[in-house]
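Engineer: give me a model of this one.
(2 chains)
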2 protein chains.
Amino acid sequence: IGVLDVDICGPSLPKIFGVEGEQVHQSGSGWSPVYVDDNLSLMSVGFLLSKADEAVIWRGPKKNGMIKQFLRDVDWGEIDYLLIDTPPGTSDEHLSIAQYLKESDVDGAIVITTPQEVALLDVRKEITFCRKVDLPIIGVVENMSSFVCPKCKVSTQIFPASTGGGQKMAEDMNVPFLGSLPLDPRIGKCCDEGKSFLTEVPDSPATQAYKQIMSKIVEYCTKRNENRESDSGEMKTN
Amino acid sequence: IGVLDVDICGPSLPKIFGVEGEQVHQSGSGWSPVYVDDNLSLMSVGFLLSKADEAVIWRGPKKNGMIKQFLRDVDWGEIDYLLIDTPPGTSDEHLSIAQYLKESDVDGAIVITTPQEVALLDVRKEITFCRKVDLPIIGVVENMSSFVCPKCKVSTQIFPASTGGGQKMAEDMNVPFLGSLPLDPRIGKCCDEGKSFLTEVPDSPATQAYKQIMSKIVEYCTKRNENRESDSGEMKTN
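Structural biologist: Modelled structure (predicted):
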């Protein structure tokens, strides 16, 4: 798996993956991503900054140039998946990804929301965006769904789903719903410490939710790949 | 008070202010903002969309054009404060605001964070940005600080301040700290319903925190205005 962080002004993935301060190297075959593990590599603007506080004060065209370079010049090696993490919105980063990868038959977009209507309002626009640029939608994930008090075990909806949350929105917009992730303070802690939540807290309900969501995504992509292969087989026959 | 929403791709303020679906009107003196109250008006791209799901798929230059129009053509009437709400980042929206208002002696920026290091990482870049473009920093607000279980009253840090949170970051970066806002599910609910949290839940600790933060901001701006007046007085004398 290769992961490309296209949040140019707020690159957080090096920190979350525990590889902050690493360097990317240039070779004959392009830029080498940073290896988080044997089977997981990452490319981010974060690796190109000399100081962590440094601001990337770039307007759209410069951001687009960087994204193009990331897509063209990074030597990912043999990977099964390329995961691209975008900032929120429907602007330069999203348009550039959709445009530059137009010929690549991208599997689709995973759309992340939180339960409140104020968040769904933006996320509906993201779904409209995907449709306008012909990007398939793998599905919607609802993050920060509910919180179980570690002391009394009572569950609270910290971000109330006042209009039905991610699941109802997905139904209304006719896109698949992939699952809900509960709020667990250990997720934020693992992100800050660059540790894998799934191995640190294997017994958390959030870990189960992550795994279910992942298997749905893998299933979708596998099916899509099978269809792709059978389509190209048919084309050859014809 | 006038409020300008420059989150062009994700305009949430019309919903939060309870004026979603209102129209802006054009008159001889410019665009009329939408009045939320006698003393509170709002301008947002949200008022220009024909459908709430509609995506604003604009690259930087078009967003900048809209921001320029908002700054130039809106007839705010007599206001004491113009509050500009930006999306996260250090890109087109932020550069445009800083550039177009360069001659206006802007009072300063209020920087919002959450407690985790992953958020502080981005917010330090915002502070660096403000310094680079000569924008004074009024201070840092920490949102989503802690959560008190409504059942057992035990407080949990849902987004753990693993590196000391907003206050320590403000000290390290040598900018004022304005206060912390606790997580209260009724805040999200009020936003979704377009109601004022301060009048709906006057007894919440979050309401006290909001009021303390507001008085610090007003105090800062008042002092700055006094200095400005005495400076211009001196200039006249000279």
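Engineer: spatially, what comes nearest to the residue of chain A found nearest chain B if we skip its sequence neighbours?
Structural biologist: Nearest to chain B in chain A, going by Cβ to the nearest Cβ, is A:G60, at a distance of 3.0 Å. C-beta here means a position set from N, CA and C on the backbone, and glycine is covered the same way. Excluding its sequence neighbours, the residue lying closest to A:G60 (Cβ to Cβ, 6 or more residues apart in numbering or on different chains) is B:G60, at 3.0 Å.
Engineer: give the pairing partners of the helix or strand bottoming out on mean pLDDT in chain A; include direction for each.
Structural biologist: Ranking every helix and strand in chain A by mean pLDDT, DSSP states H and E puts strand A:25-27 at the bottom, with a mean of 86. Sheet pairing for strand A:25-27, assigned by DSSP bridges, gives strand A:30-32 (antiparallel).
Engineer: what's the first helix or strand after the partner strand?
Structural biologist: Beyond strand A:30-32 on the C-terminal side, the first helix or strand identified by DSSP states H and E is strand A:34-37.
Engineer: can I get that following strand in CSV? Just the C-alpha atoms.
Structural biologist: These are the backbone C-alpha positions of strand A:34-37, laid out as CSV (Å, rounded to 0.1, in the frame of the first residue of the first chain):
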residue,chain,number,x,y,z
VAL,A,34,9.2,6.9,3.2
TYR,A,35,8.6,3.3,4.3
VAL,A,36,6.5,3.0,7.4
ASP,A,37,6.7,-0.8,7.1
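Engineer: list the contacts of that strand.
Structural biologist: Under the criterion Cβ atoms under 8 Å, 6 or more residues apart in numbering or on different chains, residues A:P14, A:F17, A:G18, A:V19, A:E22, A:Q23, A:V24, A:S41, A:L42, A:M43, A:F47 lie in contact with strand A:34-37.
Engineer: again, 6 Å this time
Structural biologist: Applying Cβ atoms under 6 Å, 6 or more residues apart in numbering or on different chains, the contact partners of strand A:34-37 are A:F17, A:V19, A:E22, A:S41, A:L42.
Engineer: centre of the chain to the following helix or strand past it, how far?
Structural biologist: Downstream of strand A:34-37, the first helix or strand assigned by DSSP H and E is strand A:40-44. Computed by Cα atoms, centre = their mean, to the nearest Å, the chain-centroid distance of strand A:40-44 equals 12 Å.
Engineer: what bridges to A:I84?
Structural biologist: A:L4.
Engineer: which pLDDT value goes with the residue nearest to the spatial centre of chain A?
Structural biologist: The residue lying closest to the centre of chain A (Cα atoms, centre = their mean) is A:D85, at 4.0 Å. In the predicted model, A:D85 carries a pLDDT score of 98.
Engineer: measure it to A:G10 for me?
Structural biologist: A:D85 sits 11 Å away from A:G10, going by Cβ to Cβ, to the nearest Å.
Engineer: show me whatever sits in contact with both of the two.
Structural biologist: If you check A:D85 and A:G10 against Cβ under 6 Å, 6+ apart, no residue is contacted by both.
Engineer: let me see the mean pLDDT of the lengthiest helix in chain A.
Structural biologist: Criterion DSSP state H: the longest helix present in chain A is helix A:205-237. When pLDDT is averaged over helix A:205-237, the result is 90.
Engineer: now check that helix, is it near chain B?
Structural biologist: No: Helix A:205-237 lies out of reach of chain B by Cβ under 6 Å from any Cβ of the partner chain, never closer than 12.4 Å.
Engineer: do stretch A:109-129 as well
Structural biologist: Yes: for stretch A:109-129, a contact with chain B is found by Cβ under 6 Å from any Cβ, at A:Q116, A:E117, A:V118, A:L121, A:D122, A:R124, A:K125, A:T128, A:F129.
Engineer: tell me the one among those nearest to B:C191.
Structural biologist: For the residues of stretch A:109-129 next to chain B, the residue nearest B:C191 by Cβ to Cβ is A:V118; the value is 5.1 Å.
Engineer: give me the three-state assignment for that closest one.
Structural biologist: helix (DSSP: H, G, I helix; E, B strand; the rest coil).
Engineer: quick check: it vs B:Y35, distance?
Structural biologist: Taken as Cβ to Cβ, the span from A:V118 to B:Y35 is 21 Å.
Engineer: over to A:M173?
Structural biologist: 32 Å.
Engineer: what residues does chain A have near chain B?
Structural biologist: A:9-10, A:12, A:15, A:53, A:55, A:57, A:59-60, A:89-92, A:116-118, A:121-122, A:124-125, A:128-129, A:149, A:151-152, A:154, A:158-160, A:162, A:183, A:185, A:188-189, A:191-192.
Engineer: hmm, which of these are the buried ones?
Structural biologist: A:9-10, A:12, A:15, A:55, A:57, A:59-60, A:89-92, A:116-118, A:121-122, A:124-125, A:128-129, A:149, A:158-160, A:162, A:183, A:185, A:188-189, A:191-192 (16 or more other Cβ atoms under 10 Å in any protein chain shown).
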